[in-house]
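1. just coords:
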């Protein structure tokens, strides 16, 4: 019993585009003989042929044509049984095993691959059964083409579902860790899906003998025209990816971007929205965000305070020295101040004040907590100055008038 080329082995056969190119190069020449089939395809064909002969050995009285149909049904039945083994036994065990692991990746990956794996078995079984029927050459070519499309389509489907499971897992981790990339995961998934579908269609078309080079050239010219027309949109899109990669801020952070300052309310594909202290909303294009200097106040480990106390010029050196010692004790004894950073010095003689420079860091970077610490310290500074009978100076001017000579001859 001789079988034609089995359709389920089309993945191992040379691309049909080779035949199309040869025919175009020599339209009037004699048909080019088919090249030798690869060894793996020949061996698989022999296995299928021996299997059918082995089955026919048990029923030699059945007509060979009728037995082809019986063998076709047996192959389909075997494919159905194998499909149930894969879904009901193998994947059932894998999903139970995945439930015992700590990671949730396998909980998503195995269910995603189950249906493509089962479908691949059925596709291979159906086309193997059609090969057993010994169809005509024309029908065989149609079966071969259908097998190529079906097998590649199922494999592409499996890759898409597996990739989707991986991306869903990464998105879940990104949300748990509050990563900025979580905002862009829907876009990333859609982009990769389109890329996978386009790549799969190109591979399928190439295997069917289509001239992909001309199509790719046309798409390249069209893509260039589109890029020129939508360069601002593309610039904003790349700016959003820069924000994702660098992660200079997250939603909720208090930042300054250029002249805009406020809390980040939303990070989109085209723009970033900032809510200011006046409750106005500023929308900044992402290309500007990527090119501007960004100050993130939320990520400060501490907040620095640098202020000046101006005492009047009637302060004596002994009073100044005692006050400085008390100010340093106040700073280093406050729980909200980083003690090693606290400094107080008699810094300079001002126009109308004796200037005391005070520098320290608050432990909590939160703006409200920071201001509460400053308020408590300023009240203690005021009490220390008043308790010593000193006063803060304010801008004053003293005018000295010389005594003019009196009597005759004064000009």
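-> Yep, that arrived. These numbers come from a predicted model, not from an experiment.

2. alpha carbons only for contacts and neighbour counts from here, please
-> Noted.

3. can you give me the strands in the stretch 301-411 of the chain?
-> Under the criterion DSSP state E, counting those that start in this stretch, the stretch 301-411 of the chain contains strands at 303-311, 343-349, 354-362.

4. ok, what's across the strand from residue 360?
-> Following DSSP bridges, residue 360 is listed with bridge partners residue 305.

5. Can you give me the distance of it to residue 295?
-> 21 Å (C-alpha to C-alpha, to the nearest Å).

6. Also residue 343?
-> In this structure, residue 343 and residue 295 are 26 Å apart, going by C-alpha to C-alpha.

7. quick one: buried residues of the helix ranked longest in the chain?
-> Ranked by residue count under DSSP state H, the longest helix found in the chain is helix 137-176. Applying a neighbour-count criterion of 16 or more other C-alpha atoms under 10 Å, the buried positions in helix 137-176 are 140, 143-172, 174.

8. coming back round to it: please convert the strands of the stretch 301-411 of the chain to JSON lines, extending it with distance to residue 75.
-> Shown next, in JSON lines, are those (distance: least, C-alpha to C-alpha, whole Å):
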{"stretch": "strand 303-311", "distance to residue 75": "75"}
{"stretch": "strand 343-349", "distance to residue 75": "88"}
{"stretch": "strand 354-362", "distance to residue 75": "78"}
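
9. Show me the domain layout of this protein.
-> 7-221, 249-296, 303-387 (automatic domain parsing).

10. Check the offset of the shortest one from the chain's centre.
-> In this case it means domain 249-296. Centroid separation between domain 249-296 and its chain, computed with C-alpha atoms, centre = their mean, to the nearest Å, is 20 Å.

11. State the mean pLDDT of that domain.
-> This predicted structure assigns domain 249-296 an average pLDDT of 87.

12. hmm, back to that, and residue 360 and residue 295? Which one has more around it.
-> For residue 360 versus residue 295, the count of surrounding residues by other C-alpha atoms under 10 Å is larger for residue 360: 21 against 16.

13. What does the pLDDT read for the more buried one?
-> We have a pLDDT of 94 for residue 360.

14. Relative to residue 343, how far out is it?
-> Counting by C-alpha to C-alpha, the gap from residue 360 to residue 343 is 6 Å.

15. Buried residues of stretch 259-269, list them for me.
-> 260, 261, 262, 263, 264, 265, 266, 267, 269.

16. what does that stretch rub up against?
-> The set of residues external to stretch 259-269 that reach it, using C-alpha atoms under 8 Å, 6 or more residues apart in numbering, is 183-184, 236-237, 240, 249-256, 272-277, 282, 286.

17. quick one: the helices in the chain?
-> When assigned using DSSP H, the helices of the chain occupy the ranges 16-25, 39-58, 64-84, 91-99, 105-132, 137-176, 185-207, 212-229, 231-246, 286-291, 317-333, 367-387.

18. which ones are touching residue 319?
-> For residue 319, the contact set (C-alpha under 8 Å, 6+ apart) comprises residue 388.

19. Next, work out how far apart it and residue 384 are.
-> Relative to residue 384, residue 319 is positioned 11 Å away (C-alpha to C-alpha).

20. now residue 140
-> If you go by C-alpha to C-alpha, the gap between residue 140 and residue 384 works out to 101 Å.

21. Ok, residue 66 next?
-> Taking C-alpha to C-alpha as the criterion, residue 66 is separated from residue 384 by 111 Å.

22. between the two, who's got more neighbours?
-> For residue 66 versus residue 384, neighbours defined as other C-alpha under 10 Å are more numerous around residue 384 (17 against 10).

23. Surely that one and residue 323 touch.
-> Yes. The pair residue 384 / residue 323 is scored as a contact, 7.2 Å apart, by C-alpha atoms under 8 Å.

24. Now do residue 114: how many residues are near it, please.
-> 20.

25. again, but for the one 3 residues further on
-> The number of residues packed near residue 117 is 19, by other C-alpha under 10 Å.

26. Contacts only, for it.
-> Remark: with contacts taken as C-alpha under 8 Å, 6+ apart, residue 117 is in contact with 86, 158.

27. okay, it: pLDDT?
-> The predicted local confidence for residue 117 comes out at a pLDDT of 89.

28. How many neighbouring residues does residue 90 have?
-> Here the neighbour count serves as a burial measure; for residue 90 (other C-alpha under 10 Å) it reads 12.

29. related to what we said a few turns ago, among the buried residues of stretch 259-269, name the ones in strands.
-> Here DSSP state E is the test, and these give 260, 261, 262, 263, 264, 265, 266, 267 as lying in strands.

30. residues contacting the closest residue to the fourth one other than its chain neighbours?
-> The spatially closest residue to residue 263, leaving aside those adjacent along the chain, is residue 254, at 4.3 Å (C-alpha to C-alpha, 6 or more residues apart in numbering). Neighbour list for residue 254: 261, 262, 263, 264, 296, 297, 298 [criterion: C-alpha under 8 Å, 6+ apart].
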